[in-house]
Every structure is written in structure tokens, then in C-alpha cells.
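S.K.: Mind folding the following:
(one chain, ligands or ions: 1)
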Amino acid sequence: MKLSDAEQARVVEVFSSLQGEGVHLGQRQVFVRFGGCNLHCDYCDEPGTIPIPSGDVWPVHKLKARIEELAKERPHAAVSWTGGEPLLHAEFLQKVMPWARERGLKNYLETNGTRVSELRALGALCDVVAMDIKLPSATGRQTWSEHLEFLRVVPEKTFAKVVLTDRSTEAEWRQVIRLMQEVSTNIPLILQPATDFAGRGPIAPALCLKFFKQAQALLKDVRLIPQFHPIWGLP
Ligand code: SF4
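M.R.: Below you'll find the model as predicted:
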């Protein structure tokens, strides 16, 4: 019998590590990396997860068993549902997120911030929404209107992160700040200089600090946090 999308999903890997980005940096989490993404960022550090389909088919029971196994080895604060784009697997998340909560693990959603209706369906089950605001210079696409609606769904649980590269522009940064102001100046905004990857460079430090000061003048919680996995040598 063929399983439905709620009962199985494409998963690339499941592992235990420390959260390496954003406001929960250093927290131990179980990472569930889904396969498939609706964007194609030029700085993507998991390019193997972009194709649809990618990863192996995991039924719900197999994923639960693997999470249990990892959770028994040491305490974890949350399951990080990541990818790829986890919201491409919304029906599956609908099934496994309530179970993770019952199991005592928070639901930490790492998303590219474009799948609005899926977040509306799952917002109540999420404890943290770690959302990217994608710049057109990195994706080749304008996703401002999706990001605006996405930020409005569960702003009290959301923080936004922008990966800044040597192609990020001042006009894009002004647009990011306007977007945040339009929803709430209380939502944390993280500036994350891109990790040097495949010849794509990070933003120049002086420009990054300029962006930081501009945002800090208009928003209440602005932080500059690099990606720590490569520094710590973690997966
Ligand atoms: S949204 Fe994330 S997974 Fe998708 S291409 Fe961009 S960085 Fe990679």
C-alpha cells in the first residue's frame, strides 16, 4: 500500500548537533534535514538538498525511532526541522510536530520564509520560526511579498535572518528594514555574513557594520551573528 504525504517524506539526514545560527546559537538540537527546495540561493551550503526529489523516503515511524535514539543519548532542547525547505513537507510536519512536543522537544522551524499557507497551517505547532529573508541578488527572484505575509503569521515566535554576500546591495537592505518595520520592530533581525563557499564571498565588514547601524536605528533587536558550524567544525 502506498503511503500518503502525511505518512512519509524525503529526508537527507537526521543528526544531533549544536544550533549554529541565529538567536538559539549553541543549543543542542536534533536536526531533520528534508530534501527539496523551492529556491536556489547561490550561497546554499546544502546544494544536495535542492533537487526535488532528493533524499530517501522516510516513513513517520522510522523518523520517530531515529529521533528517540538520538534523544536517549543526551538531552536535546528541540527538533530543528530544516532542509532544503521543510514547508514543502507540511502534511508530514502536521503529523510529527505534535509528537515531538509530547516527547518534550520544541519545534524549531528553519525556513526560507516563502510558503505562507503552509506556515498558517503549522504556526500553532511551531515554538520558534527561524525565517530567512532572501535577497534577489542571491536567489535571482523577488520574494518580498511572500516574506511580508510570512512575517505576519506568528511574529511572536519568529526571528528573521539575512545572509549577506559581496553582492548584497544597499537598496536591498533598505527593503529588508522596511519589511520589518511594516510588521513589527520587535521581531529580532539577524545579519549573517555568508560563509565563504564555492567562491561566493561574504559581505565586506565595513558595509556589514553600516547595514547593522542602519537597522539598529530603526528596529529594536538587531544582532550580527556569523554562521558557527564552520568555525566549530560541526555538521
Ligand atoms: S532556501 Fe535554503 S536550502 Fe533552499 S537553496 Fe536557499 S539556502 Fe539552500
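S.K.: by contact count, what packs against the longest strand anywhere in the chain?
M.R.: Assignment by DSSP state E gives strand 8-18 as the longest strand of the chain. For strand 8-18, the packing partners by 3 or more CB pairs under 8 Å, 6 or more residues apart in numbering; DSSP states H and E come out as strand 28-34, strand 56-59, helix 60-73. The C-beta positions use only the backbone N, C-alpha and C, and glycine is treated the same way.
S.K.: hmm, 10 Å instead?
M.R.: When contacts are defined as 3 or more CB pairs under 10 Å, 6 or more residues apart in numbering; DSSP states H and E, strand 8-18 packs onto strand 28-34, strand 56-59, helix 60-73, strand 78-82, helix 90-102, helix 229-232.
S.K.: now the fourth one against strand 28-34, angle please.
M.R.: Here the directions of strand 78-82 and strand 28-34 differ by 30 degrees (axes from the mean of the first three to the mean of the last three CA atoms, to 10 degrees).
S.K.: Mind checking if strand 78-82 is in reach of the ligand?
M.R.: No - shown here: strand 78-82 not in contact with the ligand (CB under 6 Å from any ligand atom), separated by at least 8.3 Å.
S.K.: likewise the first one?
M.R.: No - using CB under 6 Å from any ligand atom, strand 28-34 never reaches the ligand; the gap is at least 9.2 Å.
S.K.: Could you give the average pLDDT over that strand?
M.R.: Regarding strand 28-34, the rounded mean pLDDT is 98.
S.K.: Likewise for the fourth one?
M.R.: Averaged across strand 78-82, the pLDDT comes to 98.
S.K.: could you check the angle helix 90-102 makes with it?
M.R.: Using the same axes, to 10 degrees: strand 78-82 against helix 90-102 is 170 degrees.
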